[in-house]
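Novice: A predicted structure for the sequence below; I have some questions about it.
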Amino acid sequence: MQTQLAPQFINTPEGIEAARILEKCVHCGFCTATCPTYQLLGDELDGPRGRIYLIKQIAEGQKPTEKTRTHLDRCLTCRNCESTCPSGVQYGNLVDIGRKWTEDNTPARPLAERITRWALKEGLTKPALFNSAMALGRFVRPIMPSSIKRKIPEAKSKALAKTTDPYARPQASHTRKMLLLEGCVQPGMLPNINSATARVLDALKIQLISAPNATCCGALRYHLNDQNGGLQNAKQNIDAWWPLVEQGVEAIVMTASGCGVMVKDYGHLFTHDPSYSIKAKKISELTKDIAEILPTLQSELISLIGTDPKPGVVYHPPCTLQHGQQIRGKVEGLLGSIGVGVNLCADSHLCCGSAGTYSVTQPALSEQLRKNKLTHLQTACEESGAETIVSGNIGCITHLQQDDTPVLHWIEIVDKLITQKNSATQ
């Protein structure tokens, strides 16, 4: 696709990158077939090809409108289109550029939208503030509507808390060490995910450590068009992690694939920053989803858990894992190797509608996608006999919660099996 950059974009990093990406697009339309919003709305401009045309128009000097902004806002950034594009168009990077250009050249959003976006950026990225809000939410949870209630996981009972700490992390020191990004909302909403990861790695003789000054990965701000704020979050993480990287940590572990896809992009985001480019590239190289780490330790896991048949699960692969990071089959293969049957639902490649803050900024579309996904997941449970749904991203996990079938992080299944095996041998 030939693009004649407007004067204001010539020789700028964004303009050069946009032109490079646009050049790869051959208008084939394969992307529309796997775009969730195009399937729901049937509008060319609510599919990747149409949005690419809109961004091309901006790149060539046409002023964007609020309508342009609406079509770009509706994109889930699920990157399913990247998985099906035969030309390798890096749509995710392009839509970030297009959104920034649009935000900078359209009238201010309505006040309600601005307040919502500010609240999301400031509330979700500050754990102390978010944890206080979550504690209040749990207190009033019984009287909340179901759409909100499902996003507020119940706390463990006081009786259980008196006898054991369900979120306890091992204190043992091991020669092998890996870093963990704790995340913004995960410690307050579902703390057992990180704790389970620490216990599993401890059983494999790997110590999981955290950097106290690490913060949000930056994805939330970045994808809400506060790109400078997102980059500041990223810089804080690089500064917090670098001393530990120099000390030789083997990997930076991600238990939320939405964070992982962002941190793996640090190298690209800081390409033109002389102060951070080398460090950012190294950080991205070290970043691994837990689904990449455990398969390398499969034989050790088998020796801990065995291969005898165990209750099966239905797996929802997050878009940020299967499309953003192009990681497929790892979770299924690992769980299968330890005797856990894994089933995928129909249209498992499609987004569940969570997509970071999408369920707040685009609630109607998000709910449609959620209902479609839950219908397929429940059918898969009924056909396979599985009683648990698992995923690998906290956004998907909380978005898909319902009364009938629990949704867990798959690492919690592994942790539970190790605990059960240890209890049986004691």
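Specialist: Good, I have the coordinates.
Novice: next, residue 177: secondary structure please.
Specialist: strand (DSSP: H, G, I helix; E, B strand; the rest coil).
Novice: tell me the contacts of it?
Specialist: 206, 207, 208, 209, 248, 249, 250 (Cβ atoms under 8 Å, 6 or more residues apart in numbering). The C-beta positions use only the backbone N, C-alpha and C, and glycine is treated the same way.
Novice: just the buried residues out of those, in ChimeraX syntax.
Specialist: Filtering the contacts of residue 177 down to the buried ones (16 or more other Cβ atoms under 10 Å) takes a single ChimeraX command:
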select :206,207,208,249
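Novice: show me which of the contacts of residue 177 is closest to residue 389.
Specialist: residue 208 (25.3 Å; Cβ to Cβ).
Novice: distance from the chain centre to the helix or strand that that closest one is a member of, please.
Specialist: Element membership for residue 208, per DSSP states H and E: strand 206-209. Remark: strand 206-209 is offset 22 Å from the chain centroid, using Cα atoms, centre = their mean, to the nearest Å.
Novice: give me the distance between residue 319 and residue 370.
Specialist: 13 Å (Cβ to Cβ, to the nearest Å).
Novice: more crowded one of the two?
Specialist: Using other Cβ atoms under 10 Å, the more surrounded residue of residue 319 and residue 370 is residue 319, with 28 against 22.
Novice: what distance do you get for the more buried one to residue 78?
Specialist: 4 Å.
Novice: next one: residue 173
Specialist: Counting by Cβ to Cβ - residue 173 and residue 78 are separated by 40 Å.
Novice: the two: which has the busier surroundings?
Specialist: residue 78 (28 against 9).
Novice: lowest-confidence helix or strand of the protein?
Specialist: Ranking every helix and strand in the chain by mean pLDDT, DSSP states H and E puts helix 158-163 at the bottom, with a mean of 38.
Novice: pretty sure residue 77 sits in a helix.
Specialist: No. Counting by three-state DSSP, residue 77 is not part of a helix but coil.
Novice: that one reaches residue 351, doesn't it?
Specialist: No. The criterion here is Cβ atoms under 8 Å, and residue 77 misses it with residue 351 at 9.2 Å.
Novice: so the most centrally placed residue in the chain: helix, strand or coil?
Specialist: Nearest to the geometric centre of the chain sits residue 258, at 1.5 Å (Cα atoms, centre = their mean). Three-state call for residue 258 (three-state DSSP): helix.
Novice: so what's it up against?
Specialist: Counting by Cβ under 8 Å, 6+ apart, residue 258 has contacts 217, 219, 318, 320, 356, 393, 394, 395.
Novice: kindly report the same for residue 16.
Specialist: By Cβ under 8 Å, 6+ apart, residue 16 lies in contact with nothing.
Novice: what about it, distance to residue 51?
Specialist: For residue 16, the distance to residue 51 - Cβ to Cβ - is 20 Å.
Novice: and residue 231, which of the three is it?
Specialist: Classified using three-state DSSP, residue 231 is helix.
Novice: for it, give its distance to residue 96.
Specialist: The value you get for residue 231 to residue 96, if Cβ to Cβ is used, is 12 Å.
Novice: kindly report the same for residue 126.
Specialist: For residue 126 relative to residue 96 (Cβ to Cβ), the value is 23 Å.
Novice: the more surrounded of these two?
Specialist: Set side by side, residue 126 and residue 96 show more neighbours around residue 96, with 23 against 15, by other Cβ under 10 Å.
Novice: right, and the more buried one touches residue 224 too?
Specialist: No. Residue 96 is not in contact with residue 224 according to Cβ under 8 Å; the separation is 11.0 Å.
Novice: what about the strands in this protein?
Specialist: 176-180, 206-209, 252-254, 287-289, 310-315, 340-344, 389-391, 407-409 (DSSP state E).
Novice: circling back: common neighbours of residue 319 and residue 78, please.
Specialist: By Cβ under 8 Å, 6+ apart, the residues touching both residue 319 and residue 78 are 351, 355.
Novice: OK, contacts around the nearest residue to residue 353 once chain neighbours are set aside?
Specialist: Ranked by Cβ to Cβ, 6 or more residues apart in numbering and with sequence neighbours excluded, the top spatial neighbour of residue 353 is residue 369, at 3.0 Å. By Cβ under 8 Å, 6+ apart, the residues touching residue 369 are 36, 40, 76, 350, 351, 352, 353.
Novice: how about low-confidence regions in the stretch 1-150 of the chain?
Specialist: 129-150 (pLDDT under 70).
Novice: nearest residue to residue 327 in space, please, no chain neighbours.
Specialist: Leaving aside its chain neighbours, residue 327 sits nearest to residue 321 (5.1 Å; criterion: Cβ to Cβ, 6+ apart).
Novice: distance of that neighbour from residue 222?
Specialist: Distance from residue 321 to residue 222, by Cβ to Cβ: 18 Å.
Novice: residue 58 against residue 102, yeah?
Specialist: Yes. Between residue 58 and residue 102 there is a contact under Cβ under 8 Å: 6.7 Å.
Novice: leaving out the residues flanking it, which one is nearest to residue 415?
Specialist: In space, residue 415 is closest to residue 196, 3.7 Å off (Cβ to Cβ, 6+ apart).
Novice: residue 414 is in contact with the one you found, correct?
Specialist: Yes. Counting by Cβ under 8 Å, residue 196 does reach residue 414; the two are 7.5 Å apart.
Novice: that older thread, take the contacts of residue 369 and keep only those in helices.
Specialist: 36, 40 (DSSP state H).
Novice: quick one: residues contacting residue 65.
Specialist: residue 106.
Novice: one more time with 10 Å, if that's ok
Specialist: By Cβ atoms under 10 Å, 6 or more residues apart in numbering, the residues touching residue 65 are 54, 71, 102, 105, 106, 107.
Novice: please apply the same query to residue 64.
Specialist: By Cβ under 10 Å, 6+ apart, the neighbours of residue 64 are 54-55, 57-58, 71-72, 98-99, 101-106.
Novice: the closest residue to it other than its chain neighbours: neighbour count?
Specialist: Once flanking residues are discounted, residue 64 sits nearest to residue 102: 4.3 Å by Cβ to Cβ, 6+ apart. Counted with other Cβ under 10 Å, residues neighbouring residue 102 total 23.
Novice: against residue 66, how distant is residue 102?
Specialist: From residue 102 to residue 66 the distance is 9 Å (Cβ to Cβ).
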